[in-house]
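A.B. asks: I'll drop the sequence and a predicted model, then ask my questions.
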Amino acid sequence: MNEAGNIGPLLDYLHKEGGGYVEELIVADGGSTDGTTEISAKKGAVTVLAPKAGRAVQMNAGAEVISPTSTIIYFLHADTYPPKNFGGKIAQTINMGADSGCFRLRFDDPHPLLAGYSWFTRFRSTLLRFGDQSLFVKNELFREIGGFDESLTVMEDQELVRQIRRNGSFQLLQDTVVTSARKYRKNGVLRLQFIFSVIFILYYLGASQQTLMHLYRNLIRTDFG
């Protein structure tokens with residue numbers, strides 16, 4: 001959503017570092033008004049307009065147009081860069097028997113607390129798997145489990161990994177993706193992590209999506225202009 005400043009360089013990088021394994025790049029847009037879709041189309045990506053904004057809905061919309069002959073789907077946020085030769089690393093992992101997996105996380109900011117948060121992504125617990133780490137999964141398995149749960153506006157990444165692990169194998173790779181810390185810079189590192197922690201705990205205590213989204217929308221600033 002409104003990633004005109006990021007989408008062009010990211011697509012260039014993905015073309016370069018796919019290692020010959022990337023068959024198609026798909027940009028799933030939630031209604032951008034800043035020229036994001038025009039830039040992605042010029043870069044040769046298939047651009048899909050989701051029926052509404054939201055990570056689960058948008059990622060499912062992108063997955064819908066993937067060729068049925070494609071073996072692997074790789075989900076990546078628009079402000080995150082995978083490691084060099086990510087295509088080869090993913091293909092090798094799948095060829096060794098994994099059905100899915102992700103990379104560890106690093107932020108583009110040297111703040112010591114962000115480095116600490118990143119350190120925890122080396123552990124294999126599902127509780128530590130979030131969309132910023134990106135996700136690769138066999139196309140067949142993704143279809144089998146029904147994709148992302150579109151009733152979830154937040155924590156959809158946690159639920160998908162949970163479903164994947166119930167139905168197949170999941171591998172955590174040692175390489176890191178580099179994701180933007182812009183949301184932390186905008187909201188304050190300690191403040192934002194506290195809010196995320198509250199939302200995380202409330203989700204597992206059974207709070208409604210309406211409650212979680214009320215907290216998210218009222219407490220977290222996402223305007224990066």
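C.D. replies: Great, that's in hand.
A.B. asks: When you work out contacts or count neighbours from here on, use the C-alpha atoms and nothing else.
C.D. replies: Noted.
A.B. asks: can you map out the strands along this protein?
C.D. replies: Using DSSP state E, the strands found in the chain span residues 26-29, 46-49, 72-75, 80-81, 100-107, 135-138, 170-179.
A.B. asks: How much space separates residue 194 from residue 14?
C.D. replies: According to Cα to Cα, to the nearest Å, residue 194 and residue 14 sit 33 Å apart.
A.B. asks: wait, residue 223
C.D. replies: From residue 223 to residue 14 the distance is 26 Å (Cα to Cα).
A.B. asks: Next: residue 163.
C.D. replies: 27 Å.
A.B. asks: Compare those two (neighbour count), which wins?
C.D. replies: residue 14 (19 against 16; other Cα atoms under 10 Å).
A.B. asks: Now do the same contact list for that one.
C.D. replies: Neighbour list for residue 14: empty [criterion: Cα atoms under 8 Å, 6 or more residues apart in numbering].
A.B. asks: Could you tell me the model confidence score at it?
C.D. replies: Residue 14 carries a pLDDT value of 97.
A.B. asks: and if you look at residue 68?
C.D. replies: 84.
A.B. asks: Over to residue 224?
C.D. replies: For residue 224, the model assigns a pLDDT of 69.
A.B. asks: Using a markdown table, lay out the strands of the chain together with distance to residue 205, mean pLDDT and mean neighbour count.
C.D. replies: Converted to a markdown table, those look like this (distance: least, Cα to Cα, whole Å; pLDDT from 0 to 100; neighbours: other Cα atoms under 10 Å):
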| stretch | distance to residue 205 | mean pLDDT | mean neighbour count |
| --- | --- | --- | --- |
| strand 26-29 | 31 | 98 | 24 |
| strand 46-49 | 34 | 96 | 18 |
| strand 72-75 | 28 | 98 | 20 |
| strand 80-81 | 30 | 98 | 23 |
| strand 100-107 | 26 | 98 | 25 |
| strand 135-138 | 25 | 98 | 22 |
| strand 170-179 | 25 | 98 | 19 |
